[in-house]
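> got a predicted model here, sequence first, then my questions.
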Amino acid sequence: MRLVTISVIWTALALVLGGYLLSLVFRDTLEQNFDERLNSLLENLIGISSDDTSATVNLSRPMVDPRFEQPYSGWYWQIAPKGFSPVRSRSLWDVSLDVNFNQTVNRTRYRFTKGPEEQQLRLVERDVTLPGSDLIYRFAVAIDTSEIDEQADRFDKILLVGLGALGAGLIAASLLQVFLGLRPLGHIKESLSKVRNGEEEYLPKDFPSEIQPLADELNALLDHNNEIVERSRTQVGNLAHALKTPIAVLRNEARMNDGPMSETVAKQTENMHKYVEHYLKRARMAANVKTISSHSQIMPSIHNIARALNKVHPDKNIIVKTEMEEKRLVFKGDLNDFEEMVGNIMENAAKWARRNITVECFKEGQNIKIEIRDDGPGIDIKAREAVFARGGRLDEKIPGTGLGLSIVKDLADLYGGKIILDENKQSDTGSGLLATLILPSV
């Protein structure tokens, strides 16, 4: 839009300035031609004039243009002997052109003056001494300048129409040029969107030659990103293998020996095991999140998790429902990460629920929302933030590591989503927890 605006502004300025200069040049040419015609008429008037020695000028023949004979036609001539009455063209009728003999006009002079009907005249005059006479005659020819104005106005109108059409054509050409020039960038945008949504792995190679280097660089960047992600996953796996074995050895040695020191070692190695698992899992999550092409349908995974929990907790009733077409609920991310998040929340609900667990899924704007409700004791509002802390547990009697909700929160944050804990107001028991997981959707 800025390119088009700048192009339109500069085109308009150039055309206005060019039109103004052309108008000035044309009017100047008209005035020069007008003056040349006046001078030609003046020379003609002098050439056909003669003195009869009585301060009277005789014309050997009439002036060529008949308008000199029409009263107030706008075409006038006058011969004024100094100190005597002037001889005028019939068109002047009873009016004389103003003559100032106080200023000598030895050379042709042009000036503007008022005509018989107050119209503006362009006048040319010169002082001449006719053969056989000592008198000085002021010869003058004047023509109405409206002719110049009419021609200039007609030219300006033609110029306005022509430059307007030219401007419209130039603006249309600029719009077409910008449209055609930016269309490949729009194609790149669409292709990047497909890569981001997982529909394509790379940008195509059919861009114009001016744009293809940019597409090639973006493809190289995608390759580099995938290489870094793969390298990170490999390093995470190596680190996991390097740490798990020594920690397992320490845990086993601590269990085989009795005494205060063994108990301390066992407790600390257990904590080390938990935290190593937590951070390794988080590293794997981050690597998965950086895979920009991932997208996953969520409903099959939720149904599978519900079936698995029904087997583990046969006394709990897990209901999964949605009012949308299931295939439209797509998570923009890795399927394993989604199952990690929803699995932890549903497992917690199954542990604490008295009887009923409801999982409801729907789409809201550019996000998907999963609401998991249970009819358990719920979580006090003051303790809801504490359960997201690493190793945070409200009841040590219930099996678990205390890392589940912490992992869910970390992973949701990495994807730009969030998890919200609230009171389940739909519970029949008057208590319960509502866990809402909000994640980006395709």
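Good, I have the coordinates.
> please enumerate the strands of the chain.
With strands called from DSSP state E, the chain shows them at 49-51, 57-59, 75-81, 87-88, 109-114, 120-128, 137-144, 296-297, 317-322, 330-331, 356-364, 367-374, 418-423, 433-440.
> next, count neighbours for D334.
Using other C-beta atoms under 10 Å, D334 has 21 other residues around it. C-beta: built from backbone N, CA, C; applies to glycine.
> separation between it and D206?
30 Å (C-beta to C-beta, to the nearest Å).
> cool, and S262?
For S262 relative to D206 (C-beta to C-beta), the value is 68 Å.
> which one of those two has more residues nearby?
Using other C-beta under 10 Å, the more surrounded residue of S262 and D206 is S262, with 14 against 9.
> tell me how many other residues surround N58.
Neighbours around N58, by other C-beta under 10 Å: 10.
> for this protein, which spans come out with low pLDDT?
Applying pLDDT under 70 to the chain flags the ranges 52-55, 197-198, 233, 236-237, 240-241, 244, 259, 274-275, 277-294, 390-404.
> ok now the top helix by length along it, how far from the chain's centre?
For the chain, the helix with the greatest residue count under DSSP state H is helix 146-196. Distance, stretch centre to chain centre, for helix 146-196: 19 Å (C-alpha atoms, centre = their mean, to the nearest Å).
> ok, now stretch 331-345?
Mean-position distance between stretch 331-345 and its chain equals 37 Å (C-alpha atoms, centre = their mean).
> do stretch 5-13 as well
With C-alpha atoms, centre = their mean, you get 17 Å for stretch 5-13.
> what's in contact with that stretch?
For stretch 5-13, the surrounding residues in contact (C-beta atoms under 8 Å, 6 or more residues apart in numbering) are G167, L170, I171, S174, V178.
> again, only using 7 Å
Stretch 5-13 is touched from outside by G167, L170, I171, S174, with contacts defined as C-beta atoms under 7 Å, 6 or more residues apart in numbering.
> okay, the residues you listed in TSV with neighbour count and distance to E69 next?
Putting the contacts of stretch 5-13 into TSV (neighbours: other C-beta atoms under 10 Å; distance: C-beta to C-beta, whole Å) gives the following:
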residue	neighbour count	distance to E69
G167	17	48
L170	18	52
I171	16	54
S174	17	58
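> the longest helix of the chain vs strand 75-81, what angle?
Angle of helix 146-196 versus strand 75-81, following axes from the mean of the first three to the mean of the last three C-alpha atoms, to 10 degrees, is 140 degrees.
> just want the angle from helix 146-196 to strand 120-128.
Using the same axes, to 10 degrees: helix 146-196 against strand 120-128 is 130 degrees.
> other SSEs contacting helix 146-196?
helix 2-47, helix 212-256 (3 or more C-beta pairs under 7 Å, 6 or more residues apart in numbering; DSSP states H and E).
> V141: which of those is closest?
For the helices and strands packed on helix 146-196, the distance to V141 is smallest for helix 2-47, at 4.6 Å, taking C-beta to C-beta.
> quick one: the closest one to strand 75-81, angle?
Using the same axes, to 10 degrees: helix 2-47 against strand 75-81 is 40 degrees.
> distance from helix 2-47 to the middle of the chain?
40 Å.
> could you shift the numbering so residue one becomes 49, and keep it that way?
Fine by me, first position is 49 from now on; the one you just mentioned is helix 50-95.
> the helices and strands packed on helix 194-244: which one's closest to L453?
Comparing the helices and strands packed on helix 194-244 by C-beta to C-beta, helix 260-304 comes nearest, at 22.1 Å.
> what about D385, neighbour count?
With other C-beta under 10 Å as criterion, D385 counts 25.
> test my guess that it contacts A460.
No - here D385 does not reach A460: they are 9.4 Å apart, not a contact under C-beta atoms under 7 Å.
> now the closest residue to G424 other than its chain neighbours: how far from I420?
In space, and not counting its chain neighbours, G424 is closest to W400: 3.5 Å by C-beta to C-beta, 6 or more residues apart in numbering. Separation of W400 from I420 (C-beta to C-beta) stands at 11 Å.
> next: N365.
The value you get for N365 to I420, if C-beta to C-beta is used, is 14 Å.
> looking at those two, which one has more neighbours?
Using other C-beta under 10 Å, the more surrounded residue of N365 and I420 is I420, with 25 against 13.
> return the residues in contact with that one.
I420 sits in contact with I393, M394, A397, V407, A483, where contact means C-beta under 7 Å, 6+ apart.
> so what's it bridging to?
Assessed by DSSP bridges, I420 has beta-bridge partners V407, A483.
> any idea how the protein splits into domains?
49-95+193-244, 97-192, 273-337, 344-488 (automatic domain parsing).
> reformat those domains as a markdown table; add distance to N267.
Conversion of the domains of the chain to a markdown table gives the following (distance: least, C-beta to C-beta, whole Å):
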| stretch | distance to N267 |
| --- | --- |
| domain 49-95+193-244 | 9 |
| domain 97-192 | 75 |
| domain 273-337 | 11 |
| domain 344-488 | 21 |
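> which one of those lies closest to A263?
Using C-beta to C-beta, the domains of the chain put domain 49-95+193-244 closest to A263, at 6.3 Å.
> for the residue lying closest to L107 once chain neighbours are set aside, give me phi and psi.
The shortest distance from L107 to any non-neighbouring residue, by C-beta to C-beta, 6+ apart, is to I96 (5.0 Å). In terms of degrees, to the nearest 10, the main-chain angles of I96 are phi -100, psi 10.
> equivalent analysis for E249, please.
phi -90, psi -30.
> what's the spacing between it and N273?
Taken as C-beta to C-beta, the span from E249 to N273 is 12 Å.
> next: D363.
47 Å.
> repeat for S475
45 Å.
> so which of the two has more stuff around it?
Between S475 and N273, counted using other C-beta under 10 Å, S475 has the larger neighbour count: 20 against 13.
> distance of the closest residue in space to the more buried one that isn't next to it in sequence from R402?
Spatial nearest neighbour of S475, chain neighbours left out: D423 (4.5 Å); criterion: C-beta to C-beta, 6+ apart. To R402, D423 is 5 Å away according to C-beta to C-beta.
> P348 now?
28 Å.
> next one: Y68
Y68 is 88 Å from R402, by C-beta to C-beta.
> where along the stretch 349-490 of the chain do the helices fall?
383-400, 452-462 (DSSP state H, counting those that start in this stretch).
> T484: neighbour count?
Every residue meeting other C-beta under 10 Å relative to T484 is counted, giving 16.
> OK, contacts around the nearest residue to W141 once chain neighbours are set aside?
Closest residue to W141 apart from its sequence neighbours, by C-beta to C-beta, 6+ apart: P119 at 4.7 Å. Contacts of P119 were listed using C-beta under 7 Å, 6+ apart, and they are R138, S139, W141.
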